[in-house]
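Participant: would you be able to build a 3D model of this:
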Amino acid sequence: LAPSIWELDDVKKGVLCMLFGGNNRRVKKGTSDRNDRRKEGHESDEEDEEAQQKLHKRGDINILLCGDPGTSKSQLLGYVHKLSPRGVYTSGKGSSAVGLTASVVRDPETRDLVLESGALVLSDLGICCIDEFDKMSDTTRAILHEAMEQQTVSIAKAGIIATLNGKSLSLSYQFDFVTLFVVRLIPLNR
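Facilitator: Below is the predicted model of the structure:
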(Lines give C-alpha, C1' and ligand atoms only; values in the text may rest on other atoms or scores of the structure.)
Protein backbone atom coordinates (compact mmCIF):
# COMPACT_ATOMS: atom_id res chain seq x y z
CA LEU A 1 0.00 0.00 0.00
CA ALA A 2 1.38 3.41 -1.01
CA PRO A 3 4.94 2.40 -1.99
CA SER A 4 6.02 6.01 -2.50
CA ILE A 5 5.25 6.86 1.14
CA TRP A 6 8.12 5.91 3.44
CA GLU A 7 7.66 4.71 7.03
CA LEU A 8 4.14 5.01 8.52
CA ASP A 9 4.05 1.21 8.76
CA ASP A 10 1.54 1.18 11.62
CA VAL A 11 -0.79 3.54 9.75
CA LYS A 12 -0.55 1.40 6.62
CA LYS A 13 -1.31 -1.76 8.62
CA GLY A 14 -4.37 -0.10 10.12
CA VAL A 15 -5.60 1.02 6.70
CA LEU A 16 -5.05 -2.50 5.32
CA CYS A 17 -7.08 -3.93 8.21
CA MET A 18 -9.85 -1.51 7.28
CA LEU A 19 -9.66 -2.53 3.60
CA PHE A 20 -9.86 -6.25 4.33
CA GLY A 21 -12.41 -5.87 7.11
CA GLY A 22 -13.38 -8.36 9.74
CA ASN A 23 -16.15 -10.85 10.35
CA ASN A 24 -19.64 -9.78 11.28
CA ARG A 25 -20.87 -11.75 14.27
CA ARG A 26 -24.18 -12.30 15.98
CA VAL A 27 -23.79 -13.15 19.65
CA LYS A 28 -26.32 -13.88 22.34
CA LYS A 29 -27.18 -10.81 24.33
CA GLY A 30 -25.96 -10.89 27.93
CA THR A 31 -24.06 -14.16 27.64
CA SER A 32 -21.54 -13.51 30.43
CA ASP A 33 -24.22 -12.32 32.89
CA ARG A 34 -26.39 -15.32 32.07
CA ASN A 35 -23.51 -17.74 32.68
CA ASP A 36 -22.82 -16.14 36.07
CA ARG A 37 -26.50 -16.46 37.07
CA ARG A 38 -26.63 -20.06 35.82
CA LYS A 39 -23.66 -20.97 38.04
CA GLU A 40 -25.45 -19.48 41.02
CA GLY A 41 -28.71 -21.25 40.07
CA HIS A 42 -30.76 -18.04 39.70
CA GLU A 43 -31.81 -18.24 36.06
CA SER A 44 -35.46 -18.66 35.09
CA ASP A 45 -37.06 -19.57 31.74
CA GLU A 46 -38.10 -15.94 31.08
CA GLU A 47 -34.53 -14.71 31.49
CA ASP A 48 -33.31 -17.48 29.18
CA GLU A 49 -35.77 -16.40 26.44
CA GLU A 50 -34.62 -12.80 26.83
CA ALA A 51 -31.00 -13.86 26.45
CA GLN A 52 -31.74 -15.66 23.17
CA GLN A 53 -31.94 -12.29 21.39
CA LYS A 54 -28.98 -11.81 19.10
CA LEU A 55 -26.67 -8.80 19.18
CA HIS A 56 -25.00 -7.78 15.91
CA LYS A 57 -21.28 -6.97 16.07
CA ARG A 58 -19.70 -5.32 13.04
CA GLY A 59 -16.31 -6.36 11.80
CA ASP A 60 -15.66 -3.06 10.01
CA ILE A 61 -13.65 -0.14 11.35
CA ASN A 62 -13.55 3.54 10.51
CA ILE A 63 -10.28 5.45 10.63
CA LEU A 64 -9.47 9.09 11.33
CA LEU A 65 -5.88 10.05 10.55
CA CYS A 66 -4.53 13.01 12.52
CA GLY A 67 -1.15 14.54 11.95
CA ASP A 68 0.99 17.49 11.01
CA PRO A 69 1.04 18.98 7.51
CA GLY A 70 3.30 17.17 5.08
CA THR A 71 2.89 13.71 6.60
CA SER A 72 1.28 12.15 3.50
CA LYS A 73 -2.26 11.90 4.82
CA SER A 74 -3.88 13.10 1.58
CA GLN A 75 -1.63 10.88 -0.52
CA LEU A 76 -2.59 7.87 1.56
CA LEU A 77 -6.28 8.70 1.05
CA GLY A 78 -5.65 8.92 -2.69
CA TYR A 79 -4.00 5.48 -2.76
CA VAL A 80 -6.87 3.92 -0.82
CA HIS A 81 -9.43 5.57 -3.11
CA LYS A 82 -7.71 4.13 -6.18
CA LEU A 83 -7.31 0.70 -4.60
CA SER A 84 -10.90 0.31 -3.45
CA PRO A 85 -13.30 -0.81 -6.21
CA ARG A 86 -16.19 1.22 -4.76
CA GLY A 87 -14.21 4.08 -3.31
CA VAL A 88 -15.45 7.67 -3.31
CA TYR A 89 -13.12 10.59 -2.62
CA THR A 90 -14.58 13.85 -1.35
CA SER A 91 -13.29 16.99 0.30
CA GLY A 92 -14.59 17.93 3.72
CA LYS A 93 -14.34 21.63 2.95
CA GLY A 94 -16.64 21.43 -0.07
CA SER A 95 -18.98 18.74 1.24
CA SER A 96 -22.41 19.38 2.64
CA ALA A 97 -24.75 17.07 4.51
CA VAL A 98 -26.81 16.66 1.35
CA GLY A 99 -23.72 15.87 -0.72
CA LEU A 100 -22.70 13.13 1.69
CA THR A 101 -26.12 11.49 2.11
CA ALA A 102 -28.70 12.11 -0.65
CA SER A 103 -30.61 14.96 -2.22
CA VAL A 104 -34.12 15.25 -3.63
CA VAL A 105 -34.26 16.42 -7.24
CA ARG A 106 -37.01 16.61 -9.80
CA ASP A 107 -36.71 14.13 -12.66
CA PRO A 108 -36.74 16.13 -15.94
CA GLU A 109 -38.72 13.48 -17.85
CA THR A 110 -41.40 12.42 -15.36
CA ARG A 111 -41.36 15.58 -13.19
CA ASP A 112 -41.44 13.35 -10.09
CA LEU A 113 -39.26 13.87 -7.06
CA VAL A 114 -36.44 11.32 -6.87
CA LEU A 115 -33.48 10.72 -4.58
CA GLU A 116 -29.97 11.37 -5.87
CA SER A 117 -27.30 9.47 -3.97
CA GLY A 118 -24.48 11.18 -2.12
CA ALA A 119 -20.95 10.03 -1.38
CA LEU A 120 -21.81 7.69 1.53
CA VAL A 121 -24.55 5.91 -0.41
CA LEU A 122 -22.47 5.66 -3.60
CA SER A 123 -19.63 4.05 -1.66
CA ASP A 124 -21.88 1.35 -0.16
CA LEU A 125 -19.73 -1.75 0.53
CA GLY A 126 -16.69 0.37 -0.31
CA ILE A 127 -14.70 3.19 1.23
CA CYS A 128 -15.61 6.86 1.48
CA CYS A 129 -12.39 8.92 1.74
CA ILE A 130 -13.03 12.35 3.26
CA ASP A 131 -10.17 14.81 2.91
CA GLU A 132 -9.85 17.76 5.34
CA PHE A 133 -12.35 16.42 7.87
CA ASP A 134 -11.61 19.27 10.29
CA LYS A 135 -12.87 21.89 7.81
CA MET A 136 -16.37 20.35 7.73
CA SER A 137 -19.18 22.14 9.48
CA ASP A 138 -20.51 20.58 12.68
CA THR A 139 -23.87 19.73 11.11
CA THR A 140 -22.19 17.93 8.23
CA ARG A 141 -20.00 16.01 10.64
CA ALA A 142 -23.07 15.02 12.69
CA ILE A 143 -24.61 13.38 9.60
CA LEU A 144 -21.74 10.89 9.55
CA HIS A 145 -22.67 9.52 12.97
CA GLU A 146 -25.56 7.35 11.73
CA ALA A 147 -23.65 6.17 8.68
CA MET A 148 -20.62 5.08 10.71
CA GLU A 149 -22.54 3.50 13.60
CA GLN A 150 -25.70 2.01 12.03
CA GLN A 151 -24.35 1.76 8.46
CA THR A 152 -27.52 3.33 7.09
CA VAL A 153 -28.49 6.77 5.83
CA SER A 154 -31.99 8.00 6.72
CA ILE A 155 -33.67 10.58 4.52
CA ALA A 156 -36.88 12.52 5.19
CA LYS A 157 -37.17 15.26 2.56
CA ALA A 158 -39.97 16.56 0.34
CA GLY A 159 -42.35 13.78 1.36
CA ILE A 160 -39.80 11.05 0.66
CA ILE A 161 -38.93 8.96 3.69
CA ALA A 162 -36.26 6.34 3.07
CA THR A 163 -33.46 4.44 4.75
CA LEU A 164 -30.58 3.75 2.38
CA ASN A 165 -27.69 1.35 2.85
CA GLY A 166 -24.52 3.14 3.77
CA LYS A 167 -22.23 0.25 4.64
CA SER A 168 -19.19 2.20 3.58
CA LEU A 169 -16.09 2.56 5.66
CA SER A 170 -14.93 6.05 6.41
CA LEU A 171 -11.27 7.00 6.05
CA SER A 172 -10.69 10.65 6.78
CA TYR A 173 -7.96 12.89 8.05
CA GLN A 174 -7.64 16.19 9.79
CA PHE A 175 -4.80 18.53 10.56
CA ASP A 176 -3.67 18.19 14.13
CA PHE A 177 -3.28 21.65 15.65
CA VAL A 178 -1.44 20.44 18.72
CA THR A 179 1.81 18.60 18.15
CA LEU A 180 3.03 16.48 21.03
CA PHE A 181 6.70 15.68 21.35
CA VAL A 182 7.78 12.77 23.50
CA VAL A 183 11.18 13.43 25.01
CA ARG A 184 13.17 10.47 26.12
CA LEU A 185 15.90 11.25 28.60
CA ILE A 186 18.98 9.11 28.28
CA PRO A 187 21.32 9.23 31.24
CA LEU A 188 24.92 9.83 30.28
CA ASN A 189 27.53 7.59 31.84
CA ARG A 190 30.43 9.76 32.91
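Participant: the lowest-mean-pLDDT helix or strand in the chain: what's the following helix or strand?
Facilitator: Lowest by mean pLDDT, DSSP states H and E among the helices and strands of the chain is helix 45-51, with a mean of 53. Counting by DSSP states H and E, the element after helix 45-51 in chain order, helix or strand, is strand 54-57.
Participant: who touches that next one?
Facilitator: For strand 54-57, the surrounding residues in contact (C-beta atoms under 8 Å, 6 or more residues apart in numbering) are N24, R25, R26, V27, K28, K29. In this view, the C-beta of every residue, glycine as well, is placed from N, C-alpha and C.
Participant: tell me the one among those nearest to P69.
Facilitator: Closest approach between the contacts of strand 54-57 and P69, by C-beta to C-beta: N24, at 37.0 Å.
Participant: if I pick the residue nearest to A97 when sequence neighbours are not counted, what's in contact with it?
Facilitator: With sequence-adjacent residues excluded and distances taken as C-beta to C-beta, 6 or more residues apart in numbering, A97 is closest to I143, at 4.4 Å. Residues in contact with I143 (C-beta under 8 Å, 6+ apart) are A97, L100, T101.
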